[in-house]
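Participant: Next one to model:
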Amino acid sequence: MKVKVLRNTVASGQDIFEGSIVDVSDRDARILTASGKVRPLTEADADALKKAMKVETERVLRNLPPDKPAEDKKTDKNGGDA
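Facilitator: Model (predicted):
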């Protein structure tokens, strides 16, 4: 079963690291999901991640600048609009 690793852990004797997507046994997936260390991926999740990686790889290979993050509204110290 494919899972997204939320916290560094071990599965089947192998270290797996936060942020990675790995294929683990169904038993390991159940145990690690219950402990909050991984999140199971659906087929749609896996497809979306592949597409995102393809787009990012293409951007890097063409030496294009990264997308700008959305700008946050500036707020005053009380949380209201400035």
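Participant: Can you find the helix or strand in this protein with the smallest mean pLDDT?
Facilitator: In the chain, the helix or strand scored least confidently by mean pLDDT, DSSP states H and E is helix 43-61, which has a mean of 82.
Participant: Centre-most residue in this structure?
Facilitator: Centroid-nearest residue in the chain, with CA atoms, centre = their mean: residue 19, separated by 5.0 Å.
Participant: Verify the stated contact: that residue with residue 8.
Facilitator: No. In this structure, residue 19 is not within contact of residue 8 by CB atoms under 8 Å, at 9.5 Å. To be clear about C-beta, it is placed using only N, CA and C from the backbone, and glycine gets the same treatment.
Participant: which residues are contacting the least confident helix or strand of the chain?
Facilitator: Helix 43-61 has contacts (CB atoms under 8 Å, 6 or more residues apart in numbering) with 2, 4, 21, 41, 66.
Participant: okay, those in CSV with neighbour count next?
Facilitator: Output for the contacts of helix 43-61, formatted as CSV (neighbours: other CB atoms under 10 Å):
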residue, neighbour count
2, 16
4, 16
21, 17
41, 19
66, 8
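Participant: need those residues in TSV with secondary structure, can you?
Facilitator: Listed next are the contacts of helix 43-61 as TSV, based on DSSP: H, G, I helix; E, B strand; the rest coil:
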residue	secondary structure
2	strand
4	strand
21	strand
41	coil
66	coil
